[in-house]
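>>> Got a sequence here, can you build the structure:
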Amino acid sequence: MRMIRACALAGVALLIGACVGTQSSRSSLSTQGVPDLSGRWVLTTDSGMGSEDAEMTVIQTGSTLAGTITSRAGTVDYTGTVQGSAVAFGFVLEIHGTDLQLDYSGTIEGDTIKGTTRFGRFGAGTFTARRK
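The predicted model follows:
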């Protein structure tokens, strides 16, 4: 029962795990030569439990990312970084009194980011983020 609940929670986390943007076609690089990911993104997270979409808002200051990820399960704050074409971000979900760390790492490919997701000790999945 505990494993089923953990998997269900990981699925919800997938839903929340939104896509950190990618290079913008309107302004692909900031003044520091770092890809500009600011804006709204659709994050699709895939796991053994299926695929879930969420909306991610990215606020970028230099190479630092922050914002919110919103899904059917609610809204969560996240933080991350961008270095060249590499993007990483994460957040903690509190599920029934237990914290679950979700970590995303990927590569910017135009207006898309693709990579892997770690669901704490519950395994891994993949994600794709697309600029809205």
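
>>> can you give me the strands in this protein?
For the chain, the strands defined by DSSP state E occupy 39-47, 50-61, 64-71, 74-83, 86-95, 98-109, 112-119, 124-131.

>>> what's the closest of those to residue 33?
When the strands of the chain are compared by C-beta to C-beta, strand 74-83 sits nearest residue 33, at 10.8 Å. The way it works is simple: take the backbone N, C-alpha and C, and place the C-beta from them, glycine included.

>>> so what does that closest one touch, helix or strand wise?
strand 64-71, strand 86-95 (3 or more C-beta pairs under 8 Å, 6 or more residues apart in numbering; DSSP states H and E).

>>> Report the buried residues of that strand.
Residues 76, 78, 80, 81, 82 are the ones in strand 74-83 that count as buried (16 or more other C-beta atoms under 10 Å).

>>> Not counting its neighbours along the chain, what's nearest residue 90?
residue 103 (4.1 Å; C-beta to C-beta, 6 or more residues apart in numbering).
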